[in-house]
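> The following comprises the amino acid sequence and a computationally predicted model.
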Amino acid sequence: MGISMAFKKNREKEDKLWYRLDLSAIVYPALQRQDFSSVYRLSALMKEKVDPERLQVALDHVLPRFPSYKVAIRKGVFWRYLEYNQRPGPFVQEDIKNPCMPLPFRTKNRYLLRVYYYDKRISLEVHHCLGDGNGGMCVFHTLLAEYLRLMGYEIPTGYLVKDIHEEPDPEETEDAYARYAHAEVRPPRPMEKTYLIRGTPEPFYTLNMIIGVLSAKEVYEKAKKYDASVTEYLNAVLLYALLQKQKDDGGYKKLPVTLAMPVNLRRFFPSKTLRNFITMVYPSIDPRLGEYSFEDVVKQVHHYMRYYISDKFLRGDITTNAATQRHPLIRVVPLFIKDKVVRQFYKMVQDRNSTAGLTNMGILAASEEMREHIDRFDICMGQPFSKRTNCSIITFGDRLSITFASVIKESDAEKYFFRFLVKEGIHVWIETNR
Amino acid sequence: MSYCVNCGVELETSIKKCPLCNTIVINPNELQTDTEAGNGELPFPNKVGIVEPIKRKDLAVVMTVILVCTAISCLLLNYLMWKSNQWSLLVLGFCVLLWVMTVPPLLIRNMRRRIMMLLNGVAVCIYIALIGIFTDSSYWVVDLGIPIALIVLVLVEIFLTVATYKKSFGVLACLFFMETAVLCISIELLVDHAFQQPLEIKWSAIVLTVCTVITVALAAMFSRRRVRNEIKRRFHL
């Protein structure tokens, strides 16, 4: 009787559980198309072949610990919201050739994440409306730790691994934007038109991935030579590659080359949230100002990053974004109109003010016990909204993995990028799903 | 262990050509032993994932239940309470029309637009005929209602057929303007015929002229590849 009462109470509690979408998450469902979802992928290459049955058990154990990931998305009259999902699932499945494929909201028992396995690789795909890469990585690490425990290894909690038996901290599910977006001024959004990659679109159900694995030490030393961080150095390499691509295209008009780079706001504003807490910065090079050498590009990126990535500027930036959401008139506009406006704004402005996307998750910290069983991590930003390429970087131990994802046949940007690294004397190992 | 001779990157063992520059991986030593590059285990499976179809059957059932309930309620009210005339037949017809327009696309996945339009057109014609029978005024149904509905149906079907096989914006734009002209002329002639006036093209001649000018201009622009590309570039979204 006691157990059934407790179960009933728990069930009632879960029934009442729902979350407003955070500031970033509002945009992603509005962009959802039949052939596009904002899905990103985190992969871990284990040292042993994956056991799917144990992986499923691990997933069943882990997901209730993260209530903001065990949800379904629903439509309200004015906003969408996340609702606790009590349906069975999600179920692990064998990996596919086209990662990050669209994730319609009403399929797969309405879960917004997928877990894949293939040979030695475990992958977690998450819809961006649940959380950013840092939140997703926390779920992924906890899943890997639980899986390894079921395989008979001792894996402690700590670093990104959460204790699955403890109650979730309410801060993990908070909308951290609401706490920090209170600057007194709202700097304008960048609206400049940038160079857009032109290419032959691939048919539906294709996502071309090229993964380059480098030695983190080699890259760090090379970056140090230019007096830059690894992120700044790789940003500069990609900008330089895109400049070359624009030159080769031979268009009648040169345009600035810009990268859209998400910044993890947890570094500046303390928060334990596992939901979205990022904002974008846009390092850019304008070839109309003159010929840029690689050294010039590194210098510009270095100074841009040091200047803009500060708590003051970032607070201003998130306040600008939050102001739209908080406007009383905008709040009462029905959802279907908001969706159309957001989609059109994204298509006409947001998507056009960057040439490519680049994210660097940085160095992944993990316990020694976990390190013994994992060879490498990969991260894929997912399918780009338009015909361009997304570049995602992650470092685990000495393995620095760079994943390019695109929906066009040509791979010129990737080619220039990796060729440049080879010329710099860095050894590059390539893997692909092409 | 293979390296791309152009890019200098080391390639994973299963790769048969460099994904960056498409250069084929050939190991001269392995050529003599009749083995090829790309024999390693694939990093990704060949299986392509397909998005699970969204189940819309529930919505179809709800729509059907609502329409059936509406029709039955009206029939009962008509025969039990307000018996003056058979007005419920009009409601019944309208329910059938709504059902044909909404439910088949929910039940049949990837239903062709042309077939859907054909079904809708036929349903509209039947409903117009029903109104004619009910109001006891068949002259406008035979002379105007059904012919105009049929002409619209034929024109839409032609447009959809062309749109299926020919994706060119230029062709579709020309077709749209020509069909608009044809529709206007047909309506004018049908009205003349219905009111027993001599068959003459008057106001529709203006539409015909405007549409012809636009069509010729579009055809001239889109027939030249250079101009076509220039327009594409300038107006790309």
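Received it, and whenever you're ready, just let me know what you need. Predicted model, so just to flag it, every value in this text is computed and none were measured.

> Who's the closest spatial neighbour of the residue nearest the centre of chain B, skipping the chain neighbours?
In chain B, the centroid-proximal residue (Cα atoms, centre = their mean) is residue B:113; its distance is 4.1 Å. Distances taken as Cβ to Cβ, 6 or more residues apart in numbering or on different chains place residue B:160 nearest to residue B:113, at 5.3 Å, with adjacent residues excluded. Using the backbone N, CA and C atoms, a C-beta is placed for each residue, glycine as well.

> Provide a list of residues in contact with the one you found.
Residue B:160 makes contacts with B:113, B:114, B:117, as judged by Cβ atoms under 8 Å, 6 or more residues apart in numbering or on different chains.

> for it, phi and psi?
The phi and psi values for residue B:160, taken as degrees, to the nearest 10, are phi -70, psi -40.

> What of residue A:396?
Main-chain dihedrals, residue A:396, degrees, to the nearest 10: phi -140, psi 120.

> How much space separates it from chain B?
Going from residue A:396 to chain B by Cβ to the nearest Cβ, to the nearest Å gives 17 Å.

> same thing with residue A:290?
From residue A:290 across to chain B, the span is 26 Å (Cβ to the nearest Cβ).

> what number of residues lie near that residue?
By other Cβ atoms under 10 Å in any protein chain shown, 7 other residues sit near residue A:290.

> Give me the distance between it and residue A:243.
From residue A:290 over to residue A:243 the distance is 12 Å, taken as Cβ to Cβ, to the nearest Å.

> Any stretches of chain A with poor pLDDT?
Of all residues in chain A, those with pLDDT under 70 make up the ranges A:1-16.

> So which bits of it are right by chain B?
Taking Cβ under 8 Å from any Cβ of the partner chain as the contact definition, chain A meets chain B at A:94-99, A:101-104, A:106-108, A:118-119, A:205, A:208-212, A:347, A:411, A:414-415, A:418-419, A:422-423, A:427-434.

> Buried subset of these as a ChimeraX selection?
The buried residues among these can be selected in ChimeraX (16 or more other Cβ atoms under 10 Å in any protein chain shown) with this line:
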select /A:95,96,97,98,99,101,102,103,108,118,208,209,210,211,212,411,414,415,418,419,422,428,429,430,431,432,433,434
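
> In strands, which of the residues of chain A next to chain B appear?
In strands, defined here by DSSP state E, the members of those are A:94, A:118, A:208, A:209, A:210, A:211, A:212, A:429, A:430, A:431, A:432.

> In the chain, where's the longest helix?
As the question left the chain open, I've gone with chain A. For chain A, the helix with the greatest residue count under DSSP state H is helix A:230-249.

> nope, chain B please
Under DSSP H, chain B gives helix B:169-194 as its longest helix.

> Domain boundaries for chain B, per the record?
The record's domain split for chain B, according to automatic domain parsing, is B:1-44, B:56-110.

> mind putting those domains in JSON lines, mean neighbour count and mean pLDDT included?
Output for these, formatted as JSON lines (neighbours: other Cβ atoms under 10 Å in any protein chain shown; pLDDT from 0 to 100):
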{"stretch": "domain B:1-44", "mean neighbour count": "16", "mean pLDDT": "77"}
{"stretch": "domain B:56-110", "mean neighbour count": "14", "mean pLDDT": "86"}
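
> Give me the phi and psi angles of the residue lying closest to residue A:401 once chain neighbours are set aside.
Nearest residue to residue A:401, sequence neighbours excluded (Cβ to Cβ, 6+ apart): residue A:378, at 4.8 Å. Backbone torsions for residue A:378, taken as degrees, to the nearest 10, come to phi -130, psi 150.

> What about residue A:378, how many residues nearby?
Residues near residue A:378, counting by other Cβ under 10 Å, number 24.

> can you check residue A:19 too?
By other Cβ under 10 Å, the residues close to residue A:19 number 19.

> Contact partners for residue B:159?
B:172, B:175, B:176, B:179.

> Give the helix, strand or coil label for it.
helix (DSSP: H, G, I helix; E, B strand; the rest coil).

> For the helix or strand hosting residue B:146, give the mean pLDDT please.
Residue B:146 belongs to helix B:146-165 when assigned by DSSP states H and E. The pLDDT scores in helix B:146-165 average 90.

> That helix vs helix B:169-194, what angle?
170 degrees (axes from the mean of the first three to the mean of the last three Cα atoms, to 10 degrees).

> Can you give me the buried ones in helix B:146-165?
Neighbour-count burial for helix B:146-165, with 16+ other Cβ under 10 Å as criterion, is recorded at B:146-149, B:151-153, B:155-157, B:159-160, B:162-163.

> Just put these in CSV and tack on distance to residue A:22.
Compiled in CSV, the buried residues of helix B:146-165 are given as follows (distance: Cβ to Cβ, whole Å):
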residue, distance to residue A:22
B:146, 56
B:147, 57
B:148, 53
B:149, 51
B:151, 53
B:152, 48
B:153, 49
B:155, 49
B:156, 44
B:157, 47
B:159, 44
B:160, 42
B:162, 46
B:163, 41
